[in-house]
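>>> no FASTA, just this:
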């Protein structure tokens, strides 16, 4: 009887301490536009094991990606995060990079953190410059704003730096097609304006577009 009661205690006592990093997520995806400098992703984790774990190595898949963390060793129950920064350069289309995380726990395989970035302009602006000759008719000029068929883009605001060059936004199809009308009060003198179109895309870093208007 005593031996049966003692056996579970001995088994627990003999169980080896273990270290384990549990990740919130190992894959992240972002949308960016051509010309954006970089994208950063944070990969959070927690040591859910019973002994400290040390991250011994971070290896990125290319020179365009850098990875860093605040400390190397994490006690049981302690949380941390690895930040990956991917420099976009002149890349276009769907890009994929990774960070391989190696720890001092030889019983587990290294963890691969994936970062996927789709680099495509979500909004086509045509034209980006409208202009009039001094003394010409002050007719309205039209700018077409067309979103990618697979990524709805909504216009949050449109502003002009010059009140003498007025702008009006018409929605042809919400999230897909818009028409922007620009019209000067008159063309008696030279005028300059920057028209900023603020969108809601991508959600984590909404982009704005500039349209230039001139009376020259």
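Good, I have the coordinates. The model shown is predicted, which means the values in this text are computed figures rather than measured ones.

>>> Low-confidence stretches in this structure?
1-19 (pLDDT under 70).

>>> for it, what spans make up the helices?
For the chain, the helices defined by DSSP state H cover 2-14.

>>> Just give me the residue closest to the centre of it.
residue 30 (4.5 Å; CA atoms, centre = their mean).

>>> Quick check: beta-bridge partners of it?
Residue 30 forms beta bridges with residue 117, as assigned by DSSP bridges.

>>> who's in contact with it?
Each residue near residue 30 by CB atoms under 8 Å, 6 or more residues apart in numbering is listed here: 39, 41, 115-118, 202, 204. In this view, the C-beta of every residue, glycine as well, is placed from N, C-alpha and C.

>>> Kindly recompute the last result at 7 Å.
Taking CB atoms under 7 Å, 6 or more residues apart in numbering as the criterion, residue 30 is in contact with 39, 117, 202.

>>> Show me the contact partners of stretch 179-193.
With CB under 7 Å, 6+ apart as the test, stretch 179-193 has contacts from 130, 132-136, 138, 140-145, 158, 160-162, 164-170, 172, 195, 211, 213-216.

>>> So which of those sit within strands?
Applying DSSP state E to the contacts of stretch 179-193, the entries found in strands are 130, 132, 141-145, 158, 160, 165-170, 172, 195, 211, 213-215.

>>> now these: which count as buried?
Neighbour counting with 16 or more other CB atoms under 10 Å marks 130, 132, 141, 143, 145, 158, 160, 165-167, 195, 211, 213, 215 as buried within the ones in strands among the contacts of stretch 179-193.

>>> Of those residues, which pair is most distant in space?
Comparing every pair within these by CB to CB identifies 145 and 215 as the most remote, at 22.4 Å.
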